[in-house]
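Chemist: A predicted structure for the sequence below; I have some questions about it.
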Amino acid sequence: MNNLNRDNESAILGLISSRRIPHTVIIESADKDERDSAALLLAAGAVCKADERPCMSCTACKKAMEGIHPDIFVPEPSKNLKSGILSLKDLRDNYLSQMSIKPNEADIKVYIFSEADKLLREDSQNALLKTIEEPPQNLLFIFTVESSKSLLLTVRSRARIITLRRSEITDTDSEELAAEIAGGIVSAHEYDLLLTLSRLSDKDRLRAALTAFTEMLRKALSFYSGIPTSDESVKRLTRKLNRSKVIALTEATNEAVSRLKTNVNIQLLTTWLSSQYRRITWQK
Ligand SMILES: [Zn+2]
C-alpha cells in the first residue's frame, strides 16, 4: 500500500505532526504510485483523531486507506469528457457547492485532486482559487502532479509544495540487500526469503537490490564456467544450486525488474518473486 521511502514518509509525517497542516498541499513526484501514497497518508493524518497521526489503526485511518472515508473526496474526471478532465460544471455542481457543508465524521474535509494538472484545466483551477486564497478552517486540498510547474502560478504560490525524492542508495547497500536475498534463497526456512523481500517495500530499494542480485547470479554462472570468485554469497549459491537453477533465478529476477517499470503493486511483486524463487530452488 505504502510505496514511500523513509525520507518521503517523514516529509509527510512532519507536515501532519506540526498540527498545522497547510490548507493546500501540492505533492510532486515522478512516480505516480509514490504521489498517490503520499496523498493518502496525508489525508489519513488529517482525518485521524489519535495523538500520533496517522495511527493507522483507528476507524478513520482504516477508512482513509480503504478509500471509503466520508470526508475524503477524490474528484473524478467527467464521464462525458475524454482524457481525464473534470469539467468546470461538474467541479462546481459536485464539489465546490458542497465544500462549505460541515464534515461528516472528521474535523476536516479533504479533497485529493489526483493528477491535478490533467484533471483541472485553467478555468477549474481558477474556480478553486477563491477557496485556496480564503480557505475555511476545515478544508484541505491535496494536488498530486508530476511537476508543480504544470499548475497555475496563482495556485502554486499559495500552496505548500512537497517534492518527493528518490532514495539515495549506495552500492554497498545494494550488495548487502542482494546478499540477504541470496541468504534467503539458500536458507532452510521458507519464511526467511519472504521476510527479506517484504522488507524491500520501496521501489528504488527493490530495484537496486534486484540489480545487485542479478550481478551476483552472473558471477555464479561464471563460477560454473571455471572463473573463481571471492564472494561468499556467490559461493553459497553455487554449493546449493546447479547452473540451470541459477539461470532460472536470473530470468525470474529480470522479469521482476521489468515489472517494476510498470505501475506494479510492490507487495504483490515481492510475493510473486518469493514464490518463483521458492519454486525454482525446490524443484528437482
Ligand atoms: Zn488514526
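Modeler: Everything's here; your move. Numbers count the residues shown, from 1 in each chain.

Chemist: What number of residues are in the vicinity of residue 82?
Modeler: Neighbour count of residue 82, defined by other CB atoms under 10 Å: 8. Any C-beta I mention is one placed from the backbone N, CA and C, and that applies to glycine too.

Chemist: List, one by one, the residues from this structure near the ion.
Modeler: 48, 50, 54-55, 58, 61 (CB under 5 Å from the ion).

Chemist: let's go with 6 Å and repeat that
Modeler: By CB under 6 Å from the ion, the residues of the chain that approach the ion are 48, 50, 54-55, 58, 60-61.

Chemist: per-residue confidence for residue 275?
Modeler: Looking at residue 275, its pLDDT is 93.

Chemist: Confirm that residue 161 sits in a strand.
Modeler: Yes. Assessed with DSSP: H, G, I helix; E, B strand; the rest coil, residue 161 lies in a strand.

Chemist: check contacts around it.
Modeler: The contact partners of residue 161, by CB atoms under 8 Å, 6 or more residues apart in numbering, come to 25-26, 28, 148.

Chemist: mind putting the residues you listed in a markdown table, secondary structure, neighbour count and pLDDT included?
Modeler: Listed next are the contacts of residue 161 as a markdown table, based on DSSP: H, G, I helix; E, B strand; the rest coil; neighbours: other CB atoms under 10 Å; pLDDT from 0 to 100:
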| residue | secondary structure | neighbour count | pLDDT |
| --- | --- | --- | --- |
| 25 | strand | 24 | 97 |
| 26 | strand | 26 | 97 |
| 28 | strand | 20 | 96 |
| 148 | helix | 19 | 96 |
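
Chemist: From the residues you listed, pick the one nearest the ion.
Modeler: Lowest distance from the ion to these (CB to the ion) belongs to residue 25, with 18.7 Å.

Chemist: In the stretch 101-250 of the chain, what residue comes closest to the ion?
Modeler: With CB to the ion, the shortest gap between the stretch 101-250 of the chain and the ion falls at residue 106, namely 10.2 Å.

Chemist: for the contacts of residue 161, which one is nearest residue 244?
Modeler: Comparing the contacts of residue 161 against residue 244 with CB to CB picks out residue 28 as the nearest, at 46.1 Å.

Chemist: Next, find the distance separating that closest one from residue 10.
Modeler: 17 Å (CB to CB, to the nearest Å).

Chemist: Tell me the strands beside the longest strand along the chain, with direction?
Modeler: Determined from DSSP state E, the single longest strand within the chain is strand 139-145. When pairs are called by DSSP bridges, strand 139-145 turns out to pair with strand 24-28 (parallel), strand 109-113 (parallel).
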